[in-house]
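Enquirer: can't give you the sequence, but here's the structure:
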């Protein structure tokens, strides 16, 4: 295995995180089902948690609770974990907002398919234009 | 008491706006709705005066930092108050106050019900608070939090009226904006892994010493930021959400989104690029060339798309895509004139586009017509509204004595200093195209006299005051640009200085 390969193996959590990120973005952009888009968002956000937590990890480290009796303990970095708590809060609120929007969209269009909604919106615009130009 | 307020003014601006945002629904329950609206106007005006006070102080005594909660720099969140923050705070205040005033006239009728109107006020104040936070923060994770608050607030504010078209536009906006946030957060993760810091100054100091060890990783992080903030600020190939979102929202929403919300992300990008990474590293990597190209593409493509639209608000939305290109072109040029031009264009486009959207909103409200081809002779009906619309159009084109000229002149100087003659050509072409998509509106509205000549039916006086105030600012900045230009130059110099230290 070359130098590049061994670097990939050493940093496998980051490679994993980026692959997951790509899967998430691909899901959001290619699926026309709105719920699948929301799932894509959660996959994408999850990959970022992996990246941050892996960055803060120390091999053989313990949870960062200070133990005065035992001074030779190695702790993992607590900051990325704290940051990702904020990240989780943000992604929960984005998920909540998008689910609420899906509910509204379903009520007015009767479908959760993005292409169908786009078609109906375009149709509505054209009908609206006809009405106004006729009056 | 006053000393406490003065010493903690930076954080108080954000905290006051945030807390007043959440009391709005309560306030409308216990007091009359009008009171809540005027309270919102008052809070934003207060933030404006705080911003002007801070800007004055920064201009006279130089920049300073503020440690939130008394925790010093590498551990706590640091707010850095420099000319950049001062400039953007003043911009936010000057534009948000008249928009709020305009919205307060018939908000309940516009969004449907009193409780919806109360939540609109909440979202509006949240958005303004997040933008103020973006202006003053010096911490990269704090930038992420503020970006998210701004994103969620601006998504929700698009669907204020709750009609199906705007909800569909909101969903599209939310999806793409979340992808943008994902890229930004990934970039932040990369910078954190590379430097071990979240404070922008400390990141800058560490990177200056060590970046040569991992140029690829840094390059990846910068690309993530460019794509992430590019989606959020509607940089040309990533702008697809903007026309739907900005044209289906109610006019005050369109005005604040087009004029301020997208600029907040540009300020965040500037801070990360110039304070966090530093001018010299930016120049070593091809990122500035890419931004220049994207900016030029946006100017031309946005304007061409705008030409093709018949719906007035959609044309204005595409015009925003084109004008954002100017700001990115200035960032790409990367010299003092280019960056000054970017800052001036942030202010001038904010004033102008807010004015145009508000005037368009008033016209659509009075006549019920959304298409330019149907607006024949509207100038005879609403002369003042069309007058301010004309001022906005001329400023957008970049006619001398209007604010747009000042910023485009600086950008032109920047392009010439850089020897980039393609950019000069694009800047001139952009102005001509702006004339091509805005002047026909004026021609239809002012020179096609319908028979019989319609009676005067002007917009309500509160809205007229808001629009005339913005138009006056456009003229003041255009005729006496000295003070503002000085602050913009100082902001540009601040950004460039970080790399040289």
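Expert: Nice, thanks for sending it over. Source: prediction; values computed, not measured. Residues are numbered from 1 along each chain as shown, chains lettered A, B, ... in the order given.
Enquirer: dump the residue contacts of residue A:49.
Expert: Residue A:49 is in contact with A:84, A:87, A:88, counting by CB atoms under 8 Å, 6 or more residues apart in numbering or on different chains. Heads up, the C-betas are built off the backbone N, CA and C, glycines and all.
Enquirer: and residue 25, how many neighbours?
Expert: Just so you know, I chose chain A. 19 (other CB atoms under 10 Å in any protein chain shown).
Enquirer: try again with chain B
Expert: 16.
Enquirer: A strand includes it, no?
Expert: No. Under DSSP: H, G, I helix; E, B strand; the rest coil, residue B:25 falls outside any strand and is assigned helix.
Enquirer: and the one residue in chain B that gets nearest to chain A, how many neighbours?
Expert: The nearest approach of chain B to chain A comes at residue B:164, 3.7 Å away (CB to the nearest CB). Per other CB under 10 Å, the neighbour tally for residue B:164 reads 18.
Enquirer: one more: the one 3 residues further on?
Expert: Using other CB under 10 Å as the criterion, residue B:167 is surrounded by 24 other residues.
Enquirer: show me the contacts for it.
Expert: Counting by CB under 8 Å, 6+ apart, the residues that residue B:167 touches are A:101, A:104, A:105, A:108, B:159.
Enquirer: at 7 Å instead, please
Expert: By CB atoms under 7 Å, 6 or more residues apart in numbering or on different chains, residue B:167 lies in contact with A:101, A:104, A:105, B:159.
Enquirer: a markdown table for the residues you listed, including neighbour count?
Expert: Shown next, in a markdown table, are those (neighbours: other CB atoms under 10 Å in any protein chain shown):
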| residue | neighbour count |
| --- | --- |
| A:101 | 23 |
| A:104 | 18 |
| A:105 | 21 |
| B:159 | 28 |
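Enquirer: restrict the contacts of residue A:49 to those near chain B?
Expert: residue A:87 (CB under 7 Å from any CB of the partner chain).
Enquirer: which among the contacts of residue A:49 end up buried?
Expert: The neighbour count (16 or more other CB atoms under 10 Å in any protein chain shown) marks A:84, A:87 as buried among those.
Enquirer: residues contacting stretch A:100-107, please?
Expert: Contacts of stretch A:100-107 (CB under 7 Å, 6+ apart): A:34, A:35, A:112, A:117, B:167, B:168, B:170, B:171, B:174.
Enquirer: can I have the buried ones of these as a PyMOL selection?
Expert: In PyMOL syntax, the buried subset of the contacts of stretch A:100-107 is picked out as below (16+ other CB under 10 Å):
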select buried, (chain A and resi 34+112+117) or (chain B and resi 167+168+170+171+174)
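Enquirer: that older thread, from the contacts of residue B:167, which land in helices?
Expert: A:101, A:104, A:105 (DSSP state H).
Enquirer: and the helix or strand containing residue B:209, how far out from the chain middle?
Expert: Using DSSP states H and E, residue B:209 sits in helix B:200-210. Computed by CA atoms, centre = their mean, to the nearest Å, the chain-centroid distance of helix B:200-210 equals 28 Å.
Enquirer: how about stretch B:87-102?
Expert: 10 Å.
Enquirer: stretch B:179-194 too?
Expert: With CA atoms, centre = their mean as the basis, the mean position of stretch B:179-194 lies at 22 Å from the chain mean.
Enquirer: quickly check: it near chain A or not.
Expert: Yes. Using CB under 7 Å from any CB, stretch B:179-194 reaches chain A at B:179, B:182, B:185, B:186, B:189, B:192, B:193.
Enquirer: check stretch B:375-392 too.
Expert: No. Stretch B:375-392 does not reach chain A (CB under 7 Å from any CB); its nearest approach is 12.0 Å.
Enquirer: quick one: buried residues of that stretch?
Expert: B:375-382, B:384-392.
Enquirer: what mean pLDDT does it have?
Expert: Mean pLDDT, computed over stretch B:375-392, is 87.
Enquirer: what residue ranges in chain A score low on pLDDT?
Expert: A:1, A:125-135 (pLDDT under 70).
Enquirer: hey, where'd the helices end up in it?
Expert: Under DSSP H, chain A gives helices at A:3-10, A:12-30, A:34-56, A:78-109, A:114-134.
Enquirer: let's have those helices in CSV, adding distance to residue B:287.
Expert: Formatted as CSV, the helices of chain A follow (distance: least, CB to CB, whole Å):
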stretch, distance to residue B:287
helix A:3-10, 24
helix A:12-30, 20
helix A:34-56, 22
helix A:78-109, 25
helix A:114-134, 33
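Enquirer: what does chain A put close to chain B?
Expert: So far as CB under 7 Å from any CB goes, chain A lies against chain B at A:21, A:25, A:28, A:34, A:37, A:41, A:44-45, A:48, A:51-52, A:55, A:83, A:86-87, A:90, A:93-94, A:97-98, A:101, A:104-105, A:108-109, A:117, A:121, A:124.
Enquirer: need the helices for the stretch 101-250 of chain B, in chain order.
Expert: Along the stretch 101-250 of chain B, the stretches classed as helices by DSSP state H, counting those that start in this stretch are B:107-111, B:114-136, B:140-158, B:164-195, B:200-210, B:215-232, B:242-248.
Enquirer: can you check what angle separates the fourth one from helix B:215-232?
Expert: In other words, helix B:164-195. 160 degrees (axes from the mean of the first three to the mean of the last three CA atoms, to 10 degrees).
Enquirer: got the buried residues for helix B:164-195?
Expert: B:164-195.
Enquirer: so how many other residues sit close to the nearest residue to residue B:110 once chain neighbours are set aside?
Expert: Of all residues not flanking residue B:110 in the chain, residue B:250 sits nearest, at 5.2 Å (CB to CB, 6 or more residues apart in numbering or on different chains). By other CB under 10 Å, the residues close to residue B:250 number 21.
Enquirer: and the pLDDT at residue B:250?
Expert: Per the predicted model, pLDDT is 90 at residue B:250.
Enquirer: that one and residue B:100, how far apart?
Expert: 13 Å (CB to CB, to the nearest Å).
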